[in-house]
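1. Got a predicted model here, sequence first, then my questions.
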Amino acid sequence: MAESKERKGLLERVGVWLLLAFFITIPWSASGQPVRSRTVREMPLEGTQDRPFFFKPFALLLSPDGLLISESGENCLKLIGTDGRLKMTIGQPGQGPGEFDFPQGMDIYDNKIYVADSFNRQVKIFSPQGKLLSSFRVELNPVHLAVIEAERIVVTGRPAPFNTKQSILYCYDSRGTLKWQAIEPVPSSDKAYFTLINEIFLKRDAQGNIFVLHKYDDPQILKINPQGKITEEIKLDPTYPLKKVVLPLQSGKKSIAVVCWNMAYYDDKFYLLSPDSDSRGDVGPGKEVYVINRQGKILEKIIFPRAIRLLATDGTTFYVLSTEDEFFVYRVEP
């Protein structure tokens, strides 16, 4: 009888620990509701036998004609169909018209392709057929790019270390005249930390607002109006996973939190690729994308079968580049 009671007590304690483990391992939103997890299934690429591979791709953009990839390593843009078939190459290496030296951010506005030609310090504008329409010079190496309207083209720059008088955002008209600049860099006495802490992502909505998310240490999305004023600070859900790493800096070891590895925006939702640790303990791209609403709340988590580095989405289909820079298409399971 005593043995039976002891066994029953043990089972009850095990049940309590299992229940605690259940609540600990399932993420919960700030509202107290469990975050729904969804999986994806890989879609076949019927347009090609060999999986598309890219050399140092920087940005992936969903367009009416397919997927645009800025291939910094090849100094060109590639347009591929959603079936993986190469449809067009825009540009070639060089400093002349229609040529690139490390193209990075892109946007499509009014049926035109805008590109940040970083090392040439130019913004170049192309037709959908890949013909150069115009270009203008800027006083920085442009990184990300978002077009609010034809005369409000926003680019980001990487401030020079210790120069807090520079800004991160610059807005130009189509002739290259500066209209405004915004967001002062986070100061730091360490060059490496200064560079990291001022890395950002840039997206825009259909109303002409732009959104800025720092890659490190600042889990909030800044909403900026077409005049360059911060109108809202969208705090990410407290349960959104950050990944902390310790940096061996010249000034000593410093902890930094990785907020996001890549970012997409569609239909008033943010899609944040969360970081993860690899087998060596280093932080890199992960396998989970968190869907965030305009209030910063987690709506759901989408789990991929492999780590991804770049993503674009229409809400149900995800076009991604893996950590090996290979192209995959996934459909979210119902």
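-> Everything's here; your move.
2. Okay, strands next: where are they in the stretch 101-250 of the chain?
-> For the stretch 101-250 of the chain, strands defined by DSSP state E, counting those that start in this stretch occupy the ranges 103-109, 112-117, 122-126, 132-137, 145-149, 152-156, 169-172, 178-182, 200-204, 210-214, 220-224, 230-235, 243-249.
3. From the chain's centroid, how far away is the last one?
-> Computed by CA atoms, centre = their mean, to the nearest Å, the chain-centroid distance of strand 243-249 equals 21 Å.
4. re earlier: any idea which of the strands of the stretch 101-250 of the chain gets closest to residue 295?
-> Between residue 295 and those, the tightest spacing by CB to CB is seen for strand 230-235, at 6.8 Å. All C-beta spots, glycine's among them, are computed from the backbone N, C-alpha and C.
5. what's residue 153 in contact with, if anything?
-> 114, 123, 145, 146, 147, 171, 172, 173, 174 (CB atoms under 8 Å, 6 or more residues apart in numbering).
6. Mean pLDDT lowest where, among the strands of the stretch 101-250 of the chain?
-> The weakest mean pLDDT among those belongs to strand 243-249, with a mean of 89.
7. where does this structure dip in pLDDT?
-> Applying pLDDT under 70 to the chain picks out residues 1-33, 162-164.
8. any idea how far residue 40 is from residue 329?
-> Using CB to CB, to the nearest Å, one obtains 10 Å as the distance from residue 40 to residue 329.
9. again, but for residue 265
-> From residue 265 to residue 329 the distance is 19 Å (CB to CB).
10. which of these two has more neighbours?
-> residue 265 (21 against 18; other CB atoms under 10 Å).
11. The more buried one - nearest residue in space that isn't next to it in sequence?
-> Leaving aside its chain neighbours, residue 265 sits nearest to residue 203 (4.0 Å; criterion: CB to CB, 6 or more residues apart in numbering).
12. just the helices in the chain please.
-> Secondary structure of the chain by DSSP state H: the helices cover 2-25, 191-197.
13. Just give me how far the last one sits from the chain centre.
-> The offset between the C-alpha centroid of helix 191-197 and the centroid of the whole chain comes to 19 Å, using CA atoms, centre = their mean.
14. Just the buried positions in it, please.
-> For helix 191-197, a neighbour-count test (16 or more other CB atoms under 10 Å) marks 193, 194, 196, 197 as buried.
15. and which of the residues you listed is nearest to residue 49?
-> For the buried residues of helix 191-197, the nearest to residue 49 is residue 196 (40.3 Å; CB to CB).
16. can you list residues touching both of residue 40 and residue 329?
-> residue 318.
17. Just give the number of residues close to residue 135.
-> Residue 135 has 17 nearby residues by other CB under 10 Å.
18. From residue 119, how far out is it?
-> Using CB to CB, residue 135 is found at 14 Å from residue 119.
19. Next: residue 76.
-> 14 Å.
20. of these two, who's got more company?
-> Between residue 76 and residue 119, counting by other CB under 10 Å, residue 76 is the more crowded of the two (20 against 15).
21. who touches that one in this structure?
-> Here residue 76 is in contact with 89, 90, 91, 92, 93, 100, 103 (criterion: CB under 8 Å, 6+ apart).
22. ok, now residue 243?
-> 257, 258, 274, 275, 276, 277, 283.
23. let's see 7 Å
-> Counting by CB atoms under 7 Å, 6 or more residues apart in numbering, residue 243 touches 257, 258, 275, 276, 277, 283.
24. Would you mind naming the residues that bridge with it?
-> residue 258 (DSSP bridges).
25. hang on, isn't residue 249 packed against residue 193?
-> Yes. Residue 249 is within contact range of residue 193, at 5.7 Å (criterion: CB atoms under 7 Å).
26. In space, what's closest to residue 244 - neighbours in sequence excluded?
-> residue 257 (5.0 Å).
27. what about the closest residue to residue 293 other than its chain neighbours, distance to residue 317?
-> Spatial nearest neighbour of residue 293, chain neighbours left out: residue 299 (5.7 Å); criterion: CB to CB, 6+ apart. From residue 299 across to residue 317, the span is 17 Å (CB to CB).
28. again with residue 192
-> Relative to residue 317, and taking CB to CB, residue 192 is found at 38 Å.
29. so what's residue 197 up against?
-> Contacts of residue 197 by CB under 7 Å, 6+ apart are 186, 188, 216, 217.
30. Identify the residue nearest it in space, chain neighbours excluded?
-> residue 186 (4.7 Å).
31. What does that neighbour show for phi and psi?
-> phi -70, psi 120 (degrees, to the nearest 10).
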